[in-house]
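Visitor: Need coordinates for the following:
(one chain, ligands or ions: 1)
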Amino acid sequence: MAAEASSPGVPAAGAAGSTGGRRDGLWLLIIWIVLSVIACLLVALVWGPHMPPGRQSSSAASQQFDITVLGVIATPVIIGVLLYFGWALAFWRQKPGDETDAAPIHGNTRIQATWITVTSAIVLSLAVFGTYELIAPAGAGAGEGPQPIWKPAGTVAQASFDCGSATAAPTWKPGTSNILQVQVIGQQWAWTYRYPQFGCFETTHLELPVGEPVQFNVTSLDVIHSFWAYQLGVKADANPGVNNVAYTTPQHTGQFVVRCDELCGIWHGAMYDYGKVVSDSAFMSWAQSTQVSLASLTKLLPPYALTYDPTVLSSLGKVAQQLRSPSNIVIGGAAGCFPVLVGWAAVKGTVVIPAIVLFAVIFLWTPPHFWALAMKFRKDYAAANVPMLPVVAPPAEVTRKIVWYSYAMVAATLALAPYAGWIYCMAALGLGGWFLVEAHRLHDRVRAGVAPAGGRRAHPRPAPMRLFHLSIAYLTLLFVAVAVTALLPWGRW
Ligand SMILES: [Cu+2]
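Guide: Sure, this is the predicted structure:
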């Protein structure tokens, strides 16, 4: 700015003449100062009050102030660059027919010294200003981690909460030094809020009292989210297993936007909600009535904690443990059976016995089908530490179970016969016989291979994949039979 305007060497390179350079510099300086003063006033007084994120909270207001200050600092720089650029285009351009080069310039000490001094002063003062603006408003609405360094002056944080009784008297009141705590829980794909000072109820609605300092304890149940209450100027990452603390003090009542600011999966954009800042009395009546209305649900919640690990919830833990057991395919297979129920419900609008029978058929078919495959790839499963049955049990026990499940499966297919008709029943009997013969053969081969009996030829290879391939053809044909006999005009009992 000043450096550019006071550069006599550059204009002299043009055709303006040696005395024109100094005059140009003076004019540039005067115009730059006048324009900068006008523009800075406009930025500070006209544009500033509309800059994001507004003034709904203390942290929002301080962010708006910071952005306005930065705007005011940047304005003379932008005007200086544009003014010099325009001046050079208008007055210092090459005259027609002038083929001479401009005078070469080497190290202008004044320009260098001014440039280094001015830019250093700007950057250093911004560093000081920025640091102060982070500390003074207690973290400026940003997440400070589990142990915040900067806390709102004159507040204390309650450490233990009465969550045993969902109707316990609130331990927070307006106008005291006890800071209001709100736990923000991110999960795919919603925000929930827990109010530990009001019996620890959890709700999908964020409501805050005006003029009271708030401590957000931000955490997540699954992936990384980011809690962003736009008009409050609060933004804090929500990490699973971490309590991220952020402070603010709402200054004006009204609505504010809450959204997730960390791409967290396919419905990330759906984590969009509104919160509300209300009067002290409106907040107290909302919080106390919500505590009462949610009391029965609060009892079912895990105890209030700063972080939660969903994998240790008792019910989930049981499933996780079962999937690490040799019965994994029996349990996991159930998930694969649900399509018949879902399909039936989608078409018929209900679930009846034939649908449940089909569920049972696939449920009982899965273990023989998959254990046969797992016998073939036993070593791979063992190397990956997955306790498939063939890894943990001797082959003869595996094939014995295969035979048992096969009988149960064929029985289940016959249970459909009263509904599907006699043609289906014949098909199920034929296919079932085919399956049982191959299941017995596999069992025999394994036993013979393990302990070859006299007179019988020992099979060194049990060939479990024969049953595996057969099982796929079997199920395909069985369901073709179900579909075709359902369409036939005859074949019912
Ligand atoms: Cu998210």
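Visitor: Which positions within whichever strand or helix holds residue 367 qualify as buried?
Guide: Residue 367 is located in helix 353-376, with elements delineated by DSSP states H and E. For helix 353-376, the neighbour count (16 or more other Cβ atoms under 10 Å) marks 354-375 as buried. The way it works is simple: take the backbone N, C-alpha and C, and place the C-beta from them, glycine included.
Visitor: try stretch 106-122
Guide: Neighbour-count burial for stretch 106-122, with 16+ other Cβ under 10 Å as criterion, is recorded at 111, 114.
Visitor: if we can go back for a sec, following the helix holding residue 367 in sequence, what is the next regular element?
Guide: Proceeding N to C from helix 353-376, the next assigned helix or strand is helix 378-383, under DSSP H and E.
Visitor: name the helices or strands packed onto that following helix?
Guide: helix 389-392 (3 or more Cβ pairs under 8 Å, 6 or more residues apart in numbering; DSSP states H and E).
Visitor: Report all helices and strands that the helix it packs on contacts.
Guide: Under the contact criterion of 3+ Cβ pairs under 8 Å, 6+ apart, helix 389-392 touches helix 353-376, helix 378-383, helix 395-415.
Visitor: Could you tell me the end-to-end distance of stretch 176-191?
Guide: For stretch 176-191, the first-to-last residue distance is 28 Å (Cα to Cα, to the nearest Å).
Visitor: who does the closest residue to the ion within the stretch 101-250 of the chain bridge with?
Guide: As assessed by Cβ to the ion, the ion sits closest to residue 225 within the stretch 101-250 of the chain, at 3.3 Å. Counting by DSSP bridges, residue 225 forms beta bridges with residue 238.
Visitor: Regarding this protein, what is its longest helix?
Guide: Secondary structure assigned by DSSP state H gives helix 58-91 as the longest helix of the chain.
Visitor: what's the next secondary structure element after it?
Guide: Next along from helix 58-91, by DSSP H and E: helix 109-135.
Visitor: Helix 58-91 and that following helix, what's the angle between them?
Guide: Relative orientation of helix 109-135 and helix 58-91, computed by axes from the mean of the first three to the mean of the last three Cα atoms, to 10 degrees: 160 degrees.
Visitor: Name the surrounding residues that touch the helix or strand just after helix 109-135.
Guide: Downstream of helix 109-135, the first helix or strand assigned by DSSP H and E is strand 180-187. Strand 180-187 is contacted by residues 157-158, 172, 191-197, 202, 206, 208-209, 212-222, 225-227, 236, 238, 260, 264, 271, 304, 306, 308 when judged by Cβ atoms under 8 Å, 6 or more residues apart in numbering.
Visitor: go with 6 Å
Guide: Strand 180-187 is contacted from outside by 172, 192-194, 196, 212, 214-222, 225, 227, 238, using Cβ atoms under 6 Å, 6 or more residues apart in numbering.
Visitor: Out of those, list just those in strands.
Guide: 192-194, 214-220, 225, 227, 238 (DSSP state E).
Visitor: most neighbours, which of those?
Guide: When neighbours are counted by other Cβ atoms under 10 Å, residue 225 leads the ones in strands among the contacts of strand 180-187 with 32 neighbours.
Visitor: residues in contact with that one?
Guide: Contacts for residue 225 were tallied using Cβ under 6 Å, 6+ apart; they are 186, 238, 260, 262, 264.
Visitor: From the residues you listed, list the ones also adjacent to the ion.
Guide: Among the contacts of residue 225, proximity to the ion is found for 260, 264 (Cβ under 5 Å from the ion).
Visitor: List only buried entries from the contacts of residue 225.
Guide: Among those, those classed as buried by 16+ other Cβ under 10 Å are 186, 238, 260, 262, 264.
Visitor: would you turn the residues you listed into TSV with pLDDT?
Guide: Shown next, in TSV, are the buried ones among the contacts of residue 225 (pLDDT from 0 to 100):
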residue	pLDDT
186	93
238	94
260	95
262	92
264	91
